[in-house]
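Peer 1: Give the three-dimensional model of this entry:
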Amino acid sequence: MIGVGTSKARTISNGYVNLLGVDEHSWGLAHTGQAWHANKSTQFCVAFEESSPITIGCLFNGYTGTLTYFKNGVSLGVAFTNLSDTREQLYPMVSSTASQSVFKLDAAFQSMPSLQEISSQVVLKHNLDYSDLPLTIVNQLKKL
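Peer 2: Below is the predicted model of the structure:
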């Protein structure tokens, strides 16, 4: 499993269980393609092939409160929303019930949105008229 959780997330288990998402403090995607949170699952994508190596990516967007997954660089879509409602810091998490599993954290990045990004989101969200803005800002908004 791969996902995120707070410092209160359950991290120890007696037996083989989908550890991420077993409580309300973590969110995780299992190799079966099921997305788990608060001990409830939904079928999010097709199961992963267990006999060949794959790369699973996980993107948490703190500004929008979404958790998006990728398989071999291709987006699988947004699995979880409203994660920004939690008041606690979220941490990347992985777990496995399979022997000889290999995990590699390839890259991690943490950033707060800039004032420019926040302003751009407000303008785009509310469909504001930006015809009076400088051309450089209008071009930047069109890239989003």
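Peer 1: Now do the helices for the protein: every range, in order, please.
Peer 2: Secondary structure of the chain (DSSP state H): helices at 115-125, 135-143.
Peer 1: Identify whichever of the ones you listed lies nearest to residue 49.
Peer 2: Between residue 49 and the helices of the chain, the shortest gap by Cβ to Cβ is with helix 135-143, which sits at 35.9 Å. Yep, even glycine has a C-beta here, placed from its N, CA and C like the rest.
Peer 1: what's the average pLDDT for the closest one?
Peer 2: In this model, helix 135-143 has a mean pLDDT of 73.
Peer 1: Now do stretch 38-53: distance to the chain's middle.
Peer 2: Centre-to-centre, stretch 38-53 and its host chain are 15 Å apart (Cα atoms, centre = their mean, to the nearest Å).
Peer 1: Give me the domain ranges for the chain.
Peer 2: Listed domain ranges for the chain are 2-109, 113-144 (source: automatic domain parsing).
Peer 1: TSV for the ones you listed, including mean neighbour count?
Peer 2: As requested, the domains of the chain are exported to TSV (neighbours: other Cβ atoms under 10 Å):
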stretch	mean neighbour count
domain 2-109	14
domain 113-144	11
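Peer 1: mean pLDDT lowest for which of those domains?
Peer 2: Taking the mean pLDDT of those, domain 113-144 comes last: a mean of 73.
Peer 1: ok now it, how far from the chain's centre?
Peer 2: 25 Å.
Peer 1: again with stretch 47-61
Peer 2: 13 Å.
Peer 1: what residues does it touch?
Peer 2: Applying Cβ atoms under 8 Å, 6 or more residues apart in numbering, the contact partners of stretch 47-61 are 2-4, 29, 31-33, 66-73, 83, 90, 92, 98, 106.
Peer 1: What's the separation between residue 98 and residue 68?
Peer 2: 24 Å (Cβ to Cβ, to the nearest Å).
Peer 1: what do you get for residue 9?
Peer 2: Using Cβ to Cβ, residue 9 is found at 19 Å from residue 68.
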